[in-house]
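Peer 1: Next comes the sequence, and after it the predicted model I'd like to discuss.
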Amino acid sequence: MSDKTQGGAACEYEGKDFGANYTDSCCIDGYLWDLDSCDEPGGPLLAGGDLPCPKCNALEYLEQAKEEAESCASGSVAGSGGGFAYTGESIWLAAVRKAESLNPDGAAAALQKLGVVETLVPGDGPDGCTVHRYIYYGEGETNE
Ligand SMILES: [Zn+2]
């Protein structure tokens, strides 16, 4: 048990963030850990700690998604169900949707802070990609 009070109440986020089609992640102090990385029932989790939690750590979660969305035009994930393709833009929109559904206030504050996100999609640009820009700052700034 830790005495950390950072972030207020304990976050009870659980999700499917490590590729399984069942709940395989949990939040510990703002970062996600892989529930499948445990050797014995009740033992410590061995893998994780790198992914910010979309619920209680929305800013870092969205910062990481922004970085990914701005550096990757497209890709695909192989999976048992045939996998799926993604673009920088789809990574970003999925991350925003997730953060907003789990933590609307935290997500809104994080988006304000990030301001502009230039997601990449395959296109006619010089590097074979086009920028789709999302602008978040401005709203609510005059709210006193
Ligand atoms: Zn959390």
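Peer 2: Perfect, thanks for sending it.
Peer 1: Gly128: what's it in contact with?
Peer 2: Ala73, Pro122 (Cβ atoms under 8 Å, 6 or more residues apart in numbering). Placement of C-beta: from N, CA and C, glycine included.
Peer 1: what's the pLDDT at it?
Peer 2: Looking at Gly128, its pLDDT stands at 87.
Peer 1: how close does it get to the ion?
Peer 2: Separation of Gly128 from the ion (Cβ to the ion, to the nearest Å): 37 Å.
Peer 1: again with Gly48
Peer 2: Counting by Cβ to the ion - Gly48 and the ion are separated by 12 Å.
Peer 1: State the pLDDT value of that residue.
Peer 2: Value for Gly48, per-residue pLDDT: 94.
Peer 1: Average pLDDT for the helix or strand hosting Gln112, rounded please.
Peer 2: Assessed by DSSP states H and E, Gln112 sits inside helix 104-114. Average pLDDT, helix 104-114: 96.
Peer 1: pull the CA atoms of it into PDB?
Peer 2: What follows is helix 104-114, C-alpha atoms only, in PDB (Å, rounded to 0.1, in the frame of the first residue of the first chain):
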ATOM      1  CA  PRO A 104     -14.700  14.800 -19.100                       C
ATOM      2  CA  ASP A 105     -13.300  17.600 -17.000                       C
ATOM      3  CA  GLY A 106      -9.800  16.300 -17.000                       C
ATOM      4  CA  ALA A 107      -9.900  15.700 -20.800                       C
ATOM      5  CA  ALA A 108     -11.200  19.200 -21.400                       C
ATOM      6  CA  ALA A 109      -8.500  20.800 -19.300                       C
ATOM      7  CA  ALA A 110      -5.800  18.600 -21.000                       C
ATOM      8  CA  LEU A 111      -7.100  19.600 -24.500                       C
ATOM      9  CA  GLN A 112      -7.000  23.300 -23.600                       C
ATOM     10  CA  LYS A 113      -3.400  22.800 -22.500                       C
ATOM     11  CA  LEU A 114      -2.300  20.900 -25.600                       C
END
